[in-house]
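Novice: Turn this into a model:
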Amino acid sequence: LFLSSLMLRATGLLVRQARAVTGWRAASTSTFKNISYEVEDGVAVVTFDQQGSKVNTLNMEMSEEFGNLVKELESNPTIRAAVIMSGKKNNFIAGADINMFTKCKTSEEMESISSNAQPLFDALENGKPIVAAIEGSCMGGGLELALACHYRIASSNPKTVFSLPEVMLGLLPGAGGTQRLPKLIGLQAAMPLILTGKNVRPSQAKKMKLIDSVADPSALRYAAIQAANGLADGTLKVNREPKGMKKLMRDALEGTEFGRNFMFDQARKMVMKMTKGVYPSPLKILDVLKESASKGFGSPAGFKAEAKAFGELGMTPESNALISIYFGQTACKRNPFGTPSKKDNNITVLGAGLMGAGITEVTVSKGANVILKDATPQGLANGINRVYQNLDKKAKRRRMTTFERDQTMSRIMGLSNEDGNWQKHVANTHMVIEAVFENLELKHKIIREIEAITPSDCVFATNTSAIPITKLAEASSRPENFIGMHYFSPVEKMPLLEIIRHPGTSDETAARAFAMGIRQGKTPVFVKDVPGFYVNRSLGPYSDEGLSLLLDGAKIDEVDNALLKFGFPVGPMTLVDEVGIDVAVSVGKTLQGDLGDRIGTADEKLMQTVVERGMLGRKTGKGMHIFPKGKGKKTVNPEMVQLIEELRAEQNKPSSGLLSTEHMQMRMTSRFVNETAYCLQDEIVDNPVVGDIAAVFGIGFPPFRGGPFRFLDSYGVGNFVDMMYRYRDQLGPQFEPAQILKDYAKDNKKFHSS
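Specialist: Model prediction:
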């Protein structure tokens, strides 16, 4: 592979040199607004370069140009084959322009987007030989276009990735993706890509026959032209059929009705297990695939089923909510303070625990250099090992190569207090991210110690979930450079980053913190410096109501299952076990002084007893559940059940009777949503979009509901307020609706205009 890559690189260089020396030029060129091509020895090299955009998207204008281009290529007798490339850096085609979907008012309008795109790619597929030369992201409609080509070459650029992410928008691939992908790589291999939107890297794509070859970036164009010539003159024969045992297995599963039914039954069970049936698109995808498999992938019936399902899904509230999240996340990734004056490449992370190791991983994975410092050599070793294990898992799953793993690890320098010269290394730091224990005195000591040896423009960011940033900044000699960056655990998986300014934080520091969050792959949001910030503040009343339900007679697993059915990714009882019951108790105490009646309504004795007995959740092996060592399933902790029953008997309080699945869902969700409304009212978040995105990415508020403010709009603010009043009258003042909700209900207003 190395020699092949070297030869391709050298060949590409020789071709470029020959052009320079001989003055060789393309035979002809043609240009549309967003697409151009030049003809080299009978091969049209087509370049997509959408004007005014960082990426190529298939909007109406681009699609019309592409349709005219295909006709021109077919009608030009001097062109015998073509190559399709991109003029964008690290982007082939990002997919369809989602704005087209939001303009549709009926399922027929949505269906027409699909039914109009299908013939365009059919014309491509049925015409002259076309090679897709892919570098960068090839997603959605971009991959569907590539699938309609006759040969696919991918650049080995690490940014090259393939996916069909339509399911994440509550849709399905609507330009032939449900037909051509199973036909190309087999139904069994295609289903996970279509059902989950997972990313596929070039090496894996080649193995599954999604692409035909991989080329060095510098040789991609030359390799594609050679392939196009080979297809045109018949010297390049492509055989993608499986062989041996793979062929036998594919024929047995996909070539028989019994095998296909078995596959679809298993896939449906998996979808129901993962989604609880609350997302319509995966189930609709299975229906389309099943119908297409019976009629033949690529048949008129298959394409018709795809277009019809695309139209139907486009009008579902779930798709509308998921698309709103896409636009909201995009909006949240724009730096409100502009581009910072410098790029921070040398980062020091203080504390090598779970949070510090996670922050280190997401930072070095994006190319920055990190000094990971811990108080002890053992703590440091544990942190570095945690990063290595996570990267090694990615390598084993082929999400990165072992070389990339080792290269990433090489960007970490580990230091402890026992290293006599650690100050010398830290002195070159651009940004410090502190992630030590939640102790004010300890953090103050570290702030003074580190600021004494770092440059005057070094940003000091503290990762805290409980201590006010203003109070921490009191120890800073450079308060303008001091800021809060609250990560969520596990850092390498959770996408949200809360950024908290104190009154003295400069705009430049805020811009740099935001830029670092974006670089780390996070969705950063600015929130006010109040106890719990936004996410944990809203989560407090939600958790409080979970305990109230238990003391009202609900069972641990019943509460978990009810909220899972509502759409939360993790049940509240499982969540508190994962976070740590002691941590939850500590956060609750922090919030009590600020929230008053809105928290602390459940009897505190239960949690105090649980903490005293050391039942802190997963980290101690038992909490609400018992966590067996190894891979066994967790079970409800009988000791916890007994404690709850003893406390209920002691209280001698009759149950409210509001314990149906719907009541459990709405009692907990309403208290969370109500607190998010208080946060908007008190300007803890700037607007409903930030509130929605932070809730979805911070605790997994059901994405198909669009976030708490989208949920309010769909449920009806007036209906929500009436429900809160009913719960208030039956259960207590913790259900008093926020004034902003009362006002919106009175005026019949919504939080979002569309």
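
Novice: Just the pLDDT for the residue lying closest to residue 507 once chain neighbours are set aside.
Specialist: Among residues not flanking residue 507 along the chain, residue 337 sits closest, at 4.8 Å (C-beta to C-beta, 6 or more residues apart in numbering). C-beta here means a position set from N, CA and C on the backbone, and glycine is covered the same way. At residue 337, the model reports a pLDDT of 96.

Novice: give the contact list for residue 337.
Specialist: Residue 337 is in contact with 507, 508, 510, 511, 514, counting by C-beta atoms under 8 Å, 6 or more residues apart in numbering.

Novice: now swap in residue 174 and tell me
Specialist: With C-beta under 8 Å, 6+ apart, residue 174 has these contacts: 96, 113, 114, 117, 166, 306, 307, 310.

Novice: all strands for the stretch 151-300 of the chain, in order.
Specialist: Taking DSSP state E, counting those that start in this stretch, the strands of the stretch 151-300 of the chain run over residues 151-155, 161-163, 213-215.

Novice: of all these, which lies closest to residue 351?
Specialist: Of all these, it is strand 161-163 that lies closest to residue 351, at 32.5 Å by C-beta to C-beta.

Novice: so how far is that closest one from its chain's centroid?
Specialist: 14 Å (C-alpha atoms, centre = their mean, to the nearest Å).

Novice: Show me what it is packed up against.
Specialist: For strand 161-163, the packing partners by 3 or more C-beta pairs under 8 Å, 6 or more residues apart in numbering; DSSP states H and E come out as strand 137-139, helix 141-148.

Novice: quick one: contacts of the shortest one?
Specialist: If you take C-beta under 8 Å, 6+ apart as the criterion, strand 137-139 is touched by 55, 90-95, 146, 154, 159-165.

Novice: These: which two are farthest apart?
Specialist: Among these, 90 and 164 lie farthest apart (C-beta to C-beta), at 18.9 Å.

Novice: the more surrounded of these two?
Specialist: Between residue 90 and residue 164, residue 164 has the larger neighbour count (other C-beta atoms under 10 Å), namely 28 against 16.

Novice: re the thing from before, a markdown table for the helices and strands packed on strand 161-163, including mean neighbour count and mean pLDDT?
Specialist: Output for the helices and strands packed on strand 161-163, formatted as a markdown table (neighbours: other C-beta atoms under 10 Å; pLDDT from 0 to 100):
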| stretch | mean neighbour count | mean pLDDT |
| --- | --- | --- |
| strand 137-139 | 26 | 97 |
| helix 141-148 | 28 | 97 |
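
Novice: Run a quick neighbour tally on residue 184.
Specialist: The burial count for residue 184: 17, using other C-beta under 10 Å.

Novice: one step back: is the residue nearest to residue 507 in a helix, a strand, or coil?
Specialist: What DSSP: H, G, I helix; E, B strand; the rest coil gives for residue 337 is coil.

Novice: Over to it: give its phi and psi.
Specialist: When read as degrees, to the nearest 10, the backbone of residue 337 gives phi -110, psi 10.

Novice: For residue 189, see how far away it is.
Specialist: In this view, residue 337 and residue 189 are 45 Å apart by C-beta to C-beta, to the nearest Å.

Novice: and if you look at residue 570?
Specialist: Taken as C-beta to C-beta, the span from residue 570 to residue 189 is 30 Å.

Novice: and residue 458, which of the helices and strands packed on strand 161-163 is closest to it?
Specialist: Per C-beta to C-beta, nearest to residue 458 of the helices and strands packed on strand 161-163: strand 137-139, 34.2 Å.

Novice: Would you mind putting the helices and strands packed on strand 161-163 into JSON lines with distance to residue 595 alongside?
Specialist: Formatted as JSON lines, the helices and strands packed on strand 161-163 follow (distance: least, C-beta to C-beta, whole Å):
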{"stretch": "strand 137-139", "distance to residue 595": "43"}
{"stretch": "helix 141-148", "distance to residue 595": "47"}
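
Novice: So which of these is nearest residue 278?
Specialist: The nearest among the helices and strands packed on strand 161-163, by C-beta to C-beta, is strand 137-139 at 24.6 Å.

Novice: Can you list the strands that the closest one pairs with?
Specialist: strand 91-93 (parallel), strand 161-163 (parallel) (DSSP bridges).

Novice: hey, which of these is tucked in deepest?
Specialist: strand 91-93 (a mean of 27; mean count of other C-beta atoms under 10 Å).

Novice: I'd like the next helix or strand past that one.
Specialist: helix 99-102 (DSSP states H and E).

Novice: Could I have the CA atoms of that following helix written out in CSV?
Specialist: Only the C-alpha atoms of helix 99-102 are listed here, as CSV (Å, rounded to 0.1, in the frame of the first residue of the first chain):
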residue,chain,number,x,y,z
ASN,A,99,-33.8,24.6,3.4
MET,A,100,-35.6,23.0,0.5
PHE,A,101,-37.3,20.7,3.0
THR,A,102,-38.5,23.4,5.3
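
Novice: Could you list every helix and strand in contact with it?
Specialist: Right, helix 99-102 is packed against helix 107-125, helix 317-332 by 3+ C-beta pairs under 8 Å, 6+ apart.

Novice: Redo the strands paired with strand 137-139 as TSV? Include mean pLDDT and distance to residue 319.
Specialist: Below are the strands paired with strand 137-139 laid out as TSV (pLDDT from 0 to 100; distance: least, C-beta to C-beta, whole Å):
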stretch	mean pLDDT	distance to residue 319
strand 91-93	96	21
strand 161-163	96	18
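
Novice: Include distance to residue 80 when you put those into TSV, please.
Specialist: TSV is the format used below for these (distance: least, C-beta to C-beta, whole Å):
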stretch	distance to residue 80
strand 91-93	23
strand 161-163	28
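
Novice: Out of those, which is closest to residue 405?
Specialist: strand 161-163 (17.4 Å).

Novice: picking that back up, any idea which of the strands paired with strand 137-139 gets closest to residue 333?
Specialist: So among those, strand 91-93 is nearest, using C-beta to C-beta, at 16.0 Å.

Novice: So what would you say the end-to-end distance of stretch 343-354 is?
Specialist: 26 Å (C-alpha to C-alpha, to the nearest Å).

Novice: Name the residue closest to the centre of the protein, please.
Specialist: The chain has residue 495 as the residue nearest its centroid, 6.5 Å off, counting by C-alpha atoms, centre = their mean.

Novice: Tell me if I'm right that it and residue 525 touch.
Specialist: No - counting by C-beta atoms under 8 Å, residue 495 stays clear of residue 525, with 10.8 Å between them.

Novice: before we move on, the earlier item: how about the helices and strands packed on helix 99-102, which one is nearest residue 582?
Specialist: helix 317-332 (31.8 Å).

Novice: just checking, what packs against the closest one?
Specialist: helix 99-102, helix 280-295, strand 523-527, helix 688-699, helix 708-715.

Novice: related to what we said a few turns ago, possible to save the strands of the stretch 151-300 of the chain as a markdown table with distance to residue 230?
Specialist: As requested, those are exported to a markdown table (distance: least, C-beta to C-beta, whole Å):
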| stretch | distance to residue 230 |
| --- | --- |
| strand 151-155 | 9 |
| strand 161-163 | 23 |
| strand 213-215 | 11 |
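
Novice: The helices and strands packed on strand 161-163: which one's closest to residue 197?
Specialist: Using C-beta to C-beta, those put strand 137-139 closest to residue 197, at 8.9 Å.
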